[in-house]
Each structure stands twice: as structure tokens, then as C-alpha cells.
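1. Model the following, please.
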Amino acid sequence: MPHLQTTLVRAPDQVVVRLTGDVDASTAPQLTRALQESAVTGVGAVVVDVAAARFGDSWGLRELALFTDALAPAGRSCRIVGARADTRRLVRSAGLAERLELDGPVDADVAVPLPTPRVPAPVRRPGLPYQVRPARRSEERPVRRRLRPGTQRRWR
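-> Numbering: from 1, shown residues only. This next block holds a predicted model:
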């Protein structure tokens, strides 16, 4: 059962295809039908609005790239608008940045500088509430008496 809804909005100079829902391998045929219908009904550019769509894999992007390539010989174009940051990353990782015309740069989310991490202050350990004696050196230690075998040690 496909979870993708497509809506075609016709205008005099363009056709807008609005995608809502999940776009993946199971919904790719439905996307292809909607794109083909938009190519037949319009004469200008095709605008694909993907603001409400979630791309689970690159199948939908592949269909968009094939559709864009098919429109080019007729002098028409396909423009993708409303792409979120995760969709732009998927376009970049699928290697389709040159074939798809997005409404902004593909690397728009990369241009934002990351905040510099704050360096934590060194940990101050609280002082000990009692006096610590320094360790004795070996010559200051009392000599232990050796017990003869068979004798028991007395505890005091």
C-alpha cells in the first residue's frame, strides 16, 4: 500500500507536482505516473514540491533525475523546491547534484559553521579534611621480626 500522495496544480507557464508522504522503492511507480502526467498536461517548466515528502532511499530521486533528463531535449526543465536538509544530503550522497535542479544550493546545510565546543575548566578537587602523613622511607620503617617455623603469631 503506497503512502505517497501526489497533487498536480496547473498554471499557464508551469505545472506543480506536490508530493506528500514517503517516497521510496514501493511508491516510485506512482511518482513516475504523476511526473509523466505533468509532462503531458503542461507546456512549460515542471516544479516538484518535496517539502512534505520524506525520501527513504534514492529511488524517488532517481525517478526525478530520469524525468529531468527526459524533459531536457524538449527544452523544458524540472525544478525541485522545498527540499529539506536530509533530502539535500541524499541528493549529494547519491551523486545527483549535477542532474537535479534544486531551489537552493545542495550543500546549504554544510555552509553553516558549527559552534566551537567549550573547553571545560579543570576539575578542582576539594582539600582533604584531615592531615595526610607522608609515606615512610624504607630506612624509617620498623624492622619486622621473623617468626620461626611452627610458631604462631600473636595478635594484640
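2. so who does Arg76 touch?
-> The contact partners of Arg76, taken as C-beta atoms under 8 Å, 6 or more residues apart in numbering, are 39, 43-46. Quick note: C-beta positions are derived from backbone N, CA and C, even for glycine.
3. Top of those by number of neighbours, please.
-> Val46 (23 neighbours; other C-beta atoms under 10 Å).
4. Does it touch Asp13 like I think?
-> No: look at Val46 against Asp13 with C-beta atoms under 8 Å: they stay out of range, at 11.0 Å.
5. Buried residues, stretch 88-98. List them.
-> Within stretch 88-98, the residues that count as buried by 16 or more other C-beta atoms under 10 Å are 88-91, 94, 96.
6. what does stretch 56-64 give?
-> 58-64.
7. cool, and stretch 69-80?
-> So, applying 16+ other C-beta under 10 Å, buried residues of stretch 69-80: 71, 76, 78-80.
8. Which stretches in this structure count as strands?
-> Per DSSP state E, the chain carries strands over the ranges 4-10, 14-23, 45-55, 78-81, 101-102.
9. farthest-separated two in the buried residues of stretch 69-80?
-> Arg76 and Ile80 (14.3 Å; C-beta to C-beta).
10. circling back to that earlier point, I'd like the strands of the chain laid out as TSV, including mean pLDDT and distance to Arg118.
-> Rendered in TSV, the data for the strands of the chain read as follows (pLDDT from 0 to 100; distance: least, C-beta to C-beta, whole Å):
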stretch	mean pLDDT	distance to Arg118
strand 4-10	90	44
strand 14-23	91	39
strand 45-55	90	34
strand 78-81	91	38
strand 101-102	87	35
